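1. Okay, here's the prediction I keep looking at, along with the sequence it came from:
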Amino acid sequence: MRLADFFNRFGRQVVSISGCGGKTSLLWALAARARGKKTLVTTTTHTQKPDPASGLFDYFFDETAVAGLKVTDGVGLAGNVSGSGFSISSFSLPALESVIPLFDNVFIEADGSRAKPLKAWAAYEPVITDSTTVSVGVLPLWPVGRPVSEELVHRLPLFTALSGAGEGCVIGLEHYLPLISGRTADGLDIDSALSGFAHSLFKISGGEKVLFFNQVEDEGQAKNARRLAAMLPPDFRLELSAVISGSIRHDRIELL
């Protein structure tokens with residue numbers, strides 16, 4: 001199945017993307033497939049501002065333009081440009097909520113991981129708008145079998161507390177389980193235990209919830225995705241609209 005075929009089932013979309021290992025790639029892949037409509041790409045945190053020559057977006061506007069904004073078909077990129085000019089930050093949430101209804105589809109990068117493939121979430125992240133219709137949590141599985149390190153993990157102290165995997169520990173599927181569901185393999189509600197300190201992927205979310213194992217490039221990783229999907233607590237699995245695995249790069253996903 002292709003990405004567009006899967007996401008088209010949700011109709012008009014305000015998609016908030018959190019997690020690691022492909023948030024920005026997913027953001028732009030979805031925007032490209034919605035280009036014939038009024039499509040907005042933005043962030044509720046920070047993200048890189050692509051070079052206009054990349055062709056990823058058709059026009060750009062910042063918060064000063066919101067009051068008189070005239071929306072046209074194509075991909076609009078919105079944000080407040082940093083002093084360096086290479087990144088953008090979020091509008092105020094009221095300003096963002098005011099423009100969202102003007103667009104047919106909205107794709108929001110709602111989280112940051114400093115380009116690292118794993119993280120845990122601090123109490124104040126991700127930042128999810130009230131208008132969100134679909135929350136997508138992205139995680140790669142290629143770190144399985146590698147040791148926990150600063151190179152692999154953003155917010156290392158939060159990650160070790162949530163996952164139970166200390167620095168140097170070899171990462172297993174059991175360490176992903178609390179990252180995703182907030183519960184350990186033996187059923188401990190780690191989300192509650194760490195309340196106000198760290199939390200799992202979907203604890204702050206809105207609308208329908210989609211878990212996406214990205215960067216699944218071989219059968220070994222595909223098997224791990226199926227195993228991990230089967231490990232999810234049944235009542236938590238019922239809270240998810242879908243669990244998918246695949247590759248944004250190859251525009252290929254599998255429903256699990």
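-> Thanks, I have it.

2. Could you use CA atoms for every contact and neighbour count after this?
-> OK.

3. Look up how far His175 lies from Thr184.
-> With distances taken as Cα to Cα, to the nearest Å, Thr184 is found 8 Å from His175.

4. of the two, who's got more company?
-> Between Thr184 and His175, Thr184 has the larger neighbour count (other Cα atoms under 10 Å), namely 22 against 19.

5. Spatially, what comes nearest to that one if we skip its sequence neighbours?
-> Distances taken as Cα to Cα, 6 or more residues apart in numbering put Pro178 closest to Thr184, at 5.0 Å, once the chain neighbours are dropped.

6. Tabulate the CA atom coordinates of the longest helix seen in the chain in PDB.
-> Looking across the chain with DSSP state H, the single longest helix is helix 219-231. Output of helix 219-231 as PDB, limited to C-alpha atoms (Å, rounded to 0.1, in the frame of the first residue of the first chain):
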ATOM      1  CA  GLU A 219      12.400  -8.500   6.200                       C
ATOM      2  CA  GLY A 220      14.200  -8.700   9.600                       C
ATOM      3  CA  GLN A 221      12.900  -5.200  10.500                       C
ATOM      4  CA  ALA A 222       9.500  -6.100   9.100                       C
ATOM      5  CA  LYS A 223       9.300  -9.200  11.400                       C
ATOM      6  CA  ASN A 224      10.300  -7.000  14.300                       C
ATOM      7  CA  ALA A 225       7.500  -4.600  13.500                       C
ATOM      8  CA  ARG A 226       5.000  -7.500  13.400                       C
ATOM      9  CA  ARG A 227       6.300  -8.800  16.700                       C
ATOM     10  CA  LEU A 228       6.200  -5.500  18.400                       C
ATOM     11  CA  ALA A 229       2.600  -4.800  17.100                       C
ATOM     12  CA  ALA A 230       1.600  -8.200  18.600                       C
ATOM     13  CA  MET A 231       3.200  -7.200  22.000                       C
END
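
7. Quick one: residues contacting Ala122.
-> 158, 196-199 (Cα atoms under 8 Å, 6 or more residues apart in numbering).

8. let's see it at 10 Å
-> For Ala122, the contact set (Cα atoms under 10 Å, 6 or more residues apart in numbering) comprises 155, 158-159, 195-200.
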